[in-house]
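Undergrad: everything below, folded, please.
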Amino acid sequence: MSMRAFMRGPAAATIVAIAVMIGAPGAAGAARPGKGPWVQRVTPRSAVVRLEIDPPGPVTVEVTAAGAVDAGAARGPRTVTSPEARDLHSVVLDGLEPGTRYTYTVKGAGAARTGSFTTAPPEGSTASFRFLAYGDNRSDDAAHAAVVKAMLAAPGDFLVHTGDFVEDGGSPDDWQRFFEIEAPLLRDRCVYSAVGNHELTDGAGIAYARYFGATDPPSPNVTARERLAPEHLNGTYRWGSARFFLVNSLVEYRTGVDRRWLEKALSDADEERGLVWRIVVMHHALWSSGPHGNNRTLIAADVPAILKKHKVDLLFGGHDHIYERGTNDGLAYLITGGGGAPTYKVRAAQPFAKKVESARHFVEVTVSDEMLKTRAIRPDGSTLDACDLEKGRGWTCDGAPAPVAAASGTASTTAAPTTGAREGSRCGCRVVGAPDGTARGSDVAGVVVAFGLTLARARDRAKRRRRHETRGRTAVD
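TA: Okay, here's the model as predicted:
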């Protein structure tokens, strides 16, 4: 897109609004936020605030507990400085109080922007909490913005993302659009995510690890192999009575570091004190009624058996741009791939699927010791699906228990009722670590290699250019 085209119509107003929110630079060359701030890695006593600025410079973060009137060490106000002249800052705020709402202000050479976050509950807490799950935002800015606007109206302590933030993980423009659209959501709620195949179009997920990696961004001096270390594309965190496992489902799991990481993370949680729920998040989940279908690579590597062995309660996935809820082989699952990308046609509903719909949406989850209350919500606020997952008993809204099917089975030809189905383009890809020719189109991939995807990207970008030139860009205030 040309800068001239981008600046036409509502796009110019959008840029002005963003400039007002972040603060105009005080002088030529002064630093201003290029992306963010956004919140990461929240624990009961710490959080990380990330910010990208251009040109590079130092930043400070002032943090205080909401409503605090004293200056106690844990409640603030206090200031943390990141003094180096960097473009990406990852500022650690520690010494915080559990279960507390904090506000923060990021300042850098004349720019200032305020956000907030809630710290995780204390260890052993049985208090209920709420989070929002979504994924597959890429390719349609207007639809993505509509989903974000709906999410802003829904309460939640943090966000869970199932991957595919952007169309091309190696494109700075794609990442810039993502951050502009999601700015009001990410500055006030921590996001935990699984890596998607579109984040891996650069072969290593370098930009994804930079922005949303479970650890500090890899140094630019390390090799591509080191950047693929599992701790940069996998992660785990505890929130109250639940532990979440953020799994890179785009690699070969028969052997290797990712399988060892998964088995160790699950084993470490087996006897974790006060833990009630174990929730796995991955981009291409084990089963799906969409065109990508089942994750044959993970199934062949006996990943379902690993999850069952360690008593995983719920599996989140995306990749297929649909909503789906079901239970197979004792594992409850939700597919939430309706975050803005073109929706996919339901190929054939799995025999164990209880609800399937091709629609944009997000999922609101309320967690208590007894159950997970889930509600899938469309951008217009209407309810797509609502059901409770009762601890040890499964979904409670479907009458008879879900039938158990073989984990390696393919989709049934008997489709459950669906509504609003329309077809988007499906990526063609292969599995990282698998020999060429061993994966099929329905398998998940870590590196997109098909020529067809390149053509699809070109078509999508041409459509976006035409849309922007005629209507201007759609963004969320």
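Undergrad: report all helices and strands that the strand ranked longest in the chain contacts.
TA: What stands out as the longest strand in the chain, according to DSSP state E, is strand 46-65. Judged by 3 or more C-beta pairs under 8 Å, 6 or more residues apart in numbering; DSSP states H and E, strand 46-65 is in contact with strand 33-40, strand 78-94, strand 101-108, strand 111-118. For glycine as for every other residue, the C-beta is placed from the backbone atoms N, C-alpha and C.
Undergrad: what residue ranges in the stretch 51-200 of the chain score low on pLDDT?
TA: 67-74, 76, 109-110 (pLDDT under 70).
Undergrad: try 90 this time
TA: Within the stretch 51-200 of the chain, the segments meeting pLDDT under 90 span 53-56, 66-78, 86-87, 107-113, 123-124, 139, 200.
Undergrad: and the pLDDT for the nearest residue to G124 once chain neighbours are set aside?
TA: Spatial nearest neighbour of G124, chain neighbours left out: G274 (4.3 Å); criterion: C-beta to C-beta, 6 or more residues apart in numbering. For G274, the model assigns a pLDDT of 92.
Undergrad: okay, and G274 sits in which element?
TA: Using DSSP states H and E, G274 maps to neither a helix nor a strand.
Undergrad: for it, give me its contacts.
TA: E123, G124, S125, T126, S241 (C-beta atoms under 8 Å, 6 or more residues apart in numbering).
Undergrad: for it, phi and psi?
TA: Backbone geometry at G274, expressed as degrees, to the nearest 10, gives phi 80, psi 10.
Undergrad: middle-most residue in the chain, spatially?
TA: Nearest to the geometric centre of the chain sits H161, at 1.8 Å (C-alpha atoms, centre = their mean).
Undergrad: quickly list what it is bridged to.
TA: Y134, S193 (DSSP bridges).
Undergrad: could you pull up the contacting residues of it?
TA: A133, Y134, G135, V191, Y192, S193, A194, F212, V281, G339.
Undergrad: the first one and V346: what is the separation?
TA: Looking back up the chat, that one is A133. A133 sits 20 Å away from V346, going by C-beta to C-beta, to the nearest Å.
Undergrad: more neighbours: those two, which one.
TA: V346 (28 against 24; other C-beta atoms under 10 Å).
Undergrad: ok, the more buried one touching I335?
TA: No. Look at V346 against I335 with C-beta atoms under 8 Å: they stay out of range, at 10.6 Å.
Undergrad: the nearest residue to M282 once chain neighbours are set aside sits in which helix or strand?
TA: Spatially, and ignoring its direct neighbours in sequence, M282 is nearest to S249 (3.7 Å; C-beta to C-beta, 6+ apart). For S249, there is no host helix or strand (DSSP H and E).
Undergrad: ok, how many other residues are close to S249?
TA: 31.
Undergrad: do the one 10 residues further on as well
TA: Other residues near R259 number 18, with proximity taken as other C-beta under 10 Å.
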